[in-house]
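Student: Here is a sequence together with a model predicted from it:
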Protein chains: 2
Amino acid sequence: MTDIAVTLADKRGTLPAEDKLGFGKIFTDHMFVMDYVTGQGWHNARIIPYGDFDISPAAMVLHYGQAIFEGMKAFRTGDNRVVTYRPVDHLKRFNNSADILSIPQMDVDLLHAGLKQLIALDKEWVPKSLGTSLYIRPFVVSVDPYVGVKVADEYKLFIILSPVGAYYASGFKPVKIKVEEHFVRAVKGGLGEAKTPANYAASLKAAEVAKEEGYTQVLWLDALEQKYIEEVGTMNIFFKIGGEIITPELNGSILNGITRRSVLEVAKDWGMKVSERRISIDEVYQAHAEGRLQEVFGSGTAAVISPVGELSWKGRKIVINNNEIGETSQKLFDYITSIQQGRVADKFGWVDEVTKL
Amino acid sequence: MTDIAVTLADKRGTLPAEDKLGFGKIFTDHMFVMDYVTGQGWHNARIIPYGDFDISPAAMVLHYGQAIFEGMKAFRTGDNRVVTYRPVDHLKRFNNSADILSIPQMDVDLLHAGLKQLIALDKEWVPKSLGTSLYIRPFVVSVDPYVGVKVADEYKLFIILSPVGAYYASGFKPVKIKVEEHFVRAVKGGLGEAKTPANYAASLKAAEVAKEEGYTQVLWLDALEQKYIEEVGTMNIFFKIGGEIITPELNGSILNGITRRSVLEVAKDWGMKVSERRISIDEVYQAHAEGRLQEVFGSGTAAVISPVGELSWKGRKIVINNNEIGETSQKLFDYITSIQQGRVADKFGWVDEVTKL
Ligand SMILES: Cc1ncc(COP(=O)(O)O)c(C=O)c1O
Ligand SMILES: Cc1ncc(COP(=O)(O)O)c(C=O)c1O
C-alpha cells in the first residue's frame, strides 16, 4: 500500500446537490493510475488529480479496442462509514476480462488497496441520500502508438470515481423491454463474457432502435438460434415461474454478473427454488400464457434490481404481474440495498469497509 | 476545400531509410482533424501538426468502443506523382461503418479534399521504393466524458499518415493459415461488416494462439455452424478451384474489402469465371483431395495479394500448389500493384492523383 505515490489536487471540488447527481457525468478530485510496459510489468501505481491525459492518435485502443473495464459501487452507511460492495469479486472479474482480451493480469490486492486509498481520499464525494452511491470505474486501455493489429505492449490502468444519483429517480418501477430479434451482441467463441468496449459497441444500434420504439433496453437472445435468453443491455435477467427463480446459465457469452450472484445466493438463503439453466423465450411466453410467469427482473450494479413490466417479442407484447413490482423483486431490492447501505447485518460478508467519515 | 484551416508544424521530420520503415510506427508531420457535437454537426475541419491530444479518462470510446476506421494507401509513381488508390470507395465504406456504429455521417467530398491537402503537404513522406507506400488511417472516436452506455454526442475525426515498408520485406511468398475452430470474430446481426475496433479486439486471442502454433493468421468460419468460410484476420479470401475464382459472398459479417472488389473486377476483365457465393471449408478440403484446389490467396490493402501455401483445419494440414505462388495470385499482385504505382494504364479509374513532386 505504501508504494502508491500520491499527488494531491491543488483545489478540491464539492459534491453537487444529491438530487442533481445524475449518472456518470461528475467525477471526484483524484484518480488511480498504473502503467504497463512489456518487460517491466505493471508499475508506477499512483494517485493523481483527476483530469485529461495525453494520448497518441495512433494509440492502439482507438483503433483495435483492446480494453476492459469494471463497474462497482461504494456507499455511505447510516452511521457514516464508507463501504464498497464485493470489490474483490469485481477485481477478479476484471482479471478474467483481461485474460479474454490478452491483457496482462493485475495484482488484485494492489488494486484493492489502491481503490480503498483513493476512495478514502475522496470520501467527501460519497453521497448519503437513499439510493445514491459512488460509482467506481476501473479500466485498462492499450496505448502503444502502433497502427497494426496485435496484442499491445503498453497499457494504462485507471480507476475513476463518479457520485451517482438514485437509479430510480422517479421511484422504483417496472420497465418495458424489447426482445431483440435482429441484432446480436455476442456469440459463443466471442467476447461476451468479458466487460470490454466491443460488447457495448455491438449493442448501440439495437438499443437506439428499441428506444425509438419506446423500450428501455433490449433482451438479447443467443446468436445461433435467436431462441435462448441471454441478458439485458447492462443487466442479467431473472424469471419467476411457478414459484421458481430461473436465470440463464453462464455460457461464455453473457457477463457473470456480481449482482446475479448476490440474487442467487440470497434467494437460496431464503429457501427459494433457484435454477441456472438454458431458458428459451418460447418457454417464457408459454409460462405467461399458462398464467405461471409471476415476475421478470434484471440485476446489475447500476439498478441492483429492475422489475420488468412488459416484454415485446416479434410484436407480441406480454404484461407481467399487471405491470406492478413483484414480491420477490421488491424483497431482493430492499434486502440487497439494505446490506449495501449497512441497514441490515452483512451475513454474506459482501461489504468492505473503506473508511469512517 | 478553402475552409480547412492549416497550422504548420514548426519543424519538419524526414522520411527514414526506406528499407527501415516497417509498418505503422512512423507518422508524418501533420494530421487532419474535425469535430462533431450534436446540434452543430461536423465542424472545424483543420490540418494541424501530428501529435498527442488530450482525452478525458471518461471519454466514451475508452469504455464503450464507439469508433470506426479506414485503411488505404498513397503511392509515389515512377514519374513522381503521388496517387491514392480508390479513396472515394474507402471513404464511402467509412460512412457505412459509421452507420453501423450509430456515428453521424461524414461529407465524403470534404474528407476527400482534406485527405488530398494533407498528403500534398506531407508529400516528402511518400516513399518511392518498390512495394513501399504511405498508409492512410482515417478514424473517428467518441469523446464525451460520460460513463454510461449510449450513442455519443461528441466525436473527433482524424486522418493520420504513416510511410510503410514493402509488406513482403523478404519477398512475395506463401503464408500458413490456421482455420479457426473455437473463437469467433463476428456473427450475423453483429458488427462484422464495419471497420470498427470491436472486430479486431475479438480477433486477438485467436491470432495469438495461431501465432504460437506457427501460423501467420487465422481463417474465420461462420459463427453459426463453424462451416462456411468468412475471411482472414485483415484480408478477404479467394480460392481457385478447377479454374474458377471463388470468394465468400458479402453476408453482413465480413468486411466488404476494396481489394476484394479490385480482384473480382480484374479477374472478370481477364475473362475468368468468378463467383461470390457461400463456400464451406469441407468443399475446399474436398477440392484439394480431388486435386482441383489450385490456389488460395488473401486480398487486403496492406498486402494487396497474399498467397496461402498451407491451411490447417482440425489438425488436418493441406499444402496448396506445392507451397508455391500460384499463377493467378502472381498475376493479380503484379497487375494491381502496377496500377497503383502507375506502371500500367489505369483502365478502371482507380487511382486518384494528389500532387506532383
Ligand atoms: C452486459 C452486462 N450484463 C450484466 C451486467 C450486470 O453485472 P453486475 O451485476 O456485475 O453489475 C452488466 C453490468 O455490469 C453488464 O454490462
Ligand atoms: C477484417 C478485414 N477484412 C478484409 C480486409 C481487406 O479490406 P481492404 O481490401 O479494403 O483493405 C481488411 C483490411 O482492410 C480487414 O481488416
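Tutor: Sure, I can see it. For clarity, every value in this text was computed on a predicted model and none was experimentally measured. Numbering: from 1, shown residues only, chains lettered A, B, ... in the order given. Ligands and ions are numbered 1, 2, ... in the order given.
Student: Which residue does chain A have closest to ligand 2?
Tutor: Among the residues of chain A, residue A:149 lies closest to ligand 2, at 7.6 Å counting by Cβ to the nearest ligand atom. Backbone N, C-alpha and C define where each C-beta goes, glycine included.
Student: Leaving out chain neighbours, which residue sits closest to that residue?
Tutor: Sequence neighbours aside, residue B:200 is the residue nearest to residue A:149 in space, at 5.1 Å (criterion: Cβ to Cβ, 6 or more residues apart in numbering or on different chains).
Student: what residues are up against residue A:16?
Tutor: Each residue near residue A:16 by Cβ atoms under 8 Å, 6 or more residues apart in numbering or on different chains is listed here: A:26, A:163.
Student: give me that answer again for 10 Å
Tutor: Taking Cβ atoms under 10 Å, 6 or more residues apart in numbering or on different chains, we find residue A:16 in contact with A:22, A:25, A:26, A:125, A:127, A:163, A:165.
Student: any idea of the mean pLDDT in stretch A:344-355?
Tutor: Taken as a whole, stretch A:344-355 has a mean pLDDT of 96.
Student: Show me which residues of the stretch 251-357 of chain A sit near chain B.
Tutor: Contact residues (Cβ under 10 Å from any Cβ of the partner chain) of the stretch 251-357 of chain A with chain B: A:253, A:302.
Student: Contact residues of the stretch 251-357 of chain A facing ligand 1?
Tutor: A:255, A:257, A:258, A:259, A:260, A:299, A:300, A:301 (Cβ under 6 Å from any ligand atom).
Student: tell me the pLDDT at the fourth one?
Tutor: Okay, so that is residue A:259. Residue A:259 is assigned 98 on the pLDDT scale.
Student: Kindly state the domain boundaries assigned to chain A.
Tutor: Structural domains annotated on chain A: A:5-165+A:350-356, A:175-325, as defined by automatic domain parsing.
Student: just to revisit the earlier point, just the buried members of the residues of the stretch 251-357 of chain A next to ligand 1?
Tutor: Buried subset of these (neighbour count, 16 or more other Cβ atoms under 10 Å in any protein chain shown): A:255, A:257, A:258, A:259, A:260, A:299, A:300, A:301.
Student: In CSV: those, plus secondary structure.
Tutor: Output for those, formatted as CSV (DSSP: H, G, I helix; E, B strand; the rest coil):
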residue, secondary structure
A:255, coil
A:257, coil
A:258, helix
A:259, helix
A:260, helix
A:299, strand
A:300, strand
A:301, coil
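Student: Count the residues that sit near residue A:105.
Tutor: Counted with other Cβ atoms under 10 Å in any protein chain shown, the neighbours of residue A:105 add up to 12.
Student: shouldn't residue A:189 be in contact with residue B:203?
Tutor: No - contact criterion Cβ atoms under 10 Å: residue A:189 and residue B:203 do not qualify, at 11.4 Å.
Student: Among the residues of the stretch 251-357 of chain A next to ligand 1, which one sits closest to residue B:61?
Tutor: residue A:255 (20.4 Å; Cβ to Cβ).
Student: Return the residues in contact with that closest one.
Tutor: A:93, A:97, A:186, A:192-195, A:199, A:230-231, A:234-236, A:300.
Student: Now do the helices in the stretch 101-250 of chain A.
Tutor: For the stretch 101-250 of chain A, the helices defined by DSSP state H, counting those that start in this stretch cover A:108-121, A:197-201, A:204-212.
Student: ranking the ones you listed by burial, who's on top?
Tutor: Highest mean neighbour count among these (mean count of other Cβ atoms under 10 Å in any protein chain shown): helix A:197-201, with a mean of 27.
Student: Show me what the mean pLDDT comes to for that one.
Tutor: For helix A:197-201, mean pLDDT rounds to 97.
Student: Now do the same contact list for the residue of the stretch 251-357 of chain A at minimum distance from chain B.
Tutor: Here the stretch 251-357 of chain A gets closest to chain B at one residue, residue A:302, 8.3 Å apart by Cβ to the nearest Cβ. Residues near residue A:302 by Cβ under 10 Å, 6+ apart: A:23-24, A:71, A:73, A:133, A:135, A:164, A:167, A:234-235, A:259, B:148-149.
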